[in-house]
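A.B. asks: Requesting a structural model of the entry that follows:
(2 chains)
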Amino acid sequence: MKVFRAKVFVRLKPSVHDPQGETIRGALATLGYQGVQEVRQGKYFEMALEAASREEAEASVREMANRVLSNPVIETFEVELTE
Amino acid sequence: MPRFAIVVFPGSNCEGDVLYALREVLGQEAVLVWHKETSLAGYDAALLPGGFAHGDYLRPGAIARFSPIMGSVISMAEEGKPVIGICNGFQVLMEAGLLPGAMLRNKTLRYVCRYVNLRVETTTSPLTRECRKGDVLRIPIGHADGNFYADPADLEELERGGQVMLRYSTPAGELADEANPNGSLNHIAGITNKEGNVVGLMPHLDRSYQPELGSDHGLRLFGSLVASVS
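C.D. replies: Numbering: from 1, shown residues only, chains lettered A, B, ... in the order given. So this is what the prediction gives:
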């Protein structure tokens, strides 16, 4: 068994309105950062997990991201794996 | 006499209100059931109360859906028995896949705690069978994540199937953006599943069951539930 490190990025789907991101953009504009056209807020997870192979680790992280870390109704995710 | 199970997660905080309304006000047999239990045998309906189950960590309802009790909640739903999610309970039922859609952060980003007006859209649900279509109920809400979202296909299916149970409205029953407290699509405040027995709603019927609380309109929803299993 090897230990792998995974990064999971969870984002709202492009079609889903993001009131938090919009508020952050508004706050940045108030601070004088006028060029910011859009802010989208997401979630970021770091995991360390044991698996027999890279493929097994990735499959496992993808399953967890799909079942638990993200809500497929409103979110998508990306997985990055390193050894 | 029908028996009601009130499912309690760590972080639930409205179970006492639901229990009081059913037991003391309506004289029903209602029991608090801890989320670590695995059986709901002998109960005729289950209610998931409001609060912050598992601290709302990750997303509201996201951890609660994997609690041991949820297997039997899903079985009850499949048997056609009423399963009612109030506020955080609604979020749990959506995360569990028993109801379509998801909740986004309120459009205002604020936790909204106030009375709203709700127009009854369907009287076939176990919570509204004693109402008339078009009735306007005054019931409080209290939530930060109640901005109902469903993708266009799911939303159309909800509308076409008559699954929208309550909409935020003006006191006269008109739909208006200023009467929509959280930005919910189509002003949706409560829905049912296709079969009609699983119900989720953001408004707290458990905070409006007697005039001393400011409104007793929640009692009509509780009364409907009791009638639907009696």
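A.B. asks: Chain A contacts on chain B?
C.D. replies: Contact residues (Cβ under 8 Å from any Cβ of the partner chain) of chain B with chain A: B:58-59, B:62, B:66, B:94-95, B:100-102, B:104-109, B:147, B:149-151, B:183. All C-beta atoms are positioned from the backbone trio N, CA, C, and that covers glycine.
A.B. asks: Counting neighbours, which of those end up buried?
C.D. replies: Buried members of these, scored by 16 or more other Cβ atoms under 10 Å in any protein chain shown, are B:58-59, B:62, B:94-95, B:100-102, B:104-107, B:147, B:149-151, B:183.
A.B. asks: one step back: which ones among the residues of chain B next to chain A lie within helices?
C.D. replies: B:94-95 (DSSP state H).
A.B. asks: Tell me who's in contact with residue 19.
C.D. replies: All of this refers to chain A. Under the criterion of Cβ atoms under 8 Å, 6 or more residues apart in numbering or on different chains, the neighbours of A:P19 are B:104-109, B:147, B:183.
A.B. asks: The chain in question should be chain B.
C.D. replies: Contacts of B:L19 by Cβ under 8 Å, 6+ apart are B:6, B:30, B:32.
A.B. asks: let's see 10 Å
C.D. replies: By Cβ atoms under 10 Å, 6 or more residues apart in numbering or on different chains, the contact list for B:L19 reads B:4, B:6, B:8, B:28, B:30-32, B:47, B:49, B:206.
A.B. asks: need those residues in CSV with secondary structure, pLDDT and neighbour count, can you?
C.D. replies: As requested, those are arranged in CSV below (DSSP: H, G, I helix; E, B strand; the rest coil; pLDDT from 0 to 100; neighbours: other Cβ atoms under 10 Å in any protein chain shown):
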residue, secondary structure, pLDDT, neighbour count
B:F4, strand, 98, 26
B:I6, strand, 98, 26
B:V8, strand, 98, 25
B:Q28, coil, 97, 21
B:A30, strand, 98, 23
B:V31, strand, 98, 14
B:L32, strand, 98, 14
B:L47, strand, 98, 28
B:P49, coil, 98, 27
B:D206, helix, 97, 27
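A.B. asks: Can you give me the neighbour number for B:M76?
C.D. replies: B:M76 has 22 neighbours, counted by other Cβ atoms under 10 Å in any protein chain shown.
A.B. asks: related to what we said a few turns ago, so which pair among the contacts of B:L19 is furthest apart in space?
C.D. replies: Of all pairs drawn from the contacts of B:L19, the greatest distance, 17.2 Å, lies between B:V8 and B:Q28 (Cβ to Cβ).
A.B. asks: Let me know the secondary structure of the closest residue to chain B within chain A.
C.D. replies: Minimum separation of chain A from chain B (Cβ to the nearest Cβ) falls at A:V73, amounting to 4.1 Å. Three-state call for A:V73 (DSSP: H, G, I helix; E, B strand; the rest coil): coil.
A.B. asks: where does chain A come near chain B, residue by residue?
C.D. replies: Selection of chain A residues close to chain B by Cβ under 10 Å from any Cβ of the partner chain yields A:10, A:12-13, A:15-20, A:22-23, A:41, A:43, A:45, A:67-75.
A.B. asks: Of those, which belong to helices?
C.D. replies: Per DSSP H, the subset of the residues of chain A next to chain B in helices is A:19-20, A:22-23.
A.B. asks: Show which residue of chain A lies farthest from the average position.
C.D. replies: Of all residues in chain A, A:G32 sits farthest from the chain's C-alpha centroid, using Cα atoms, centre = their mean; the distance is 27.8 Å.
A.B. asks: Over to it: give its phi and psi.
C.D. replies: Phi and psi for A:G32, reported as degrees, to the nearest 10, are phi 100, psi 0.
A.B. asks: If anything else comes up later, I'll come back, but that's it for now.
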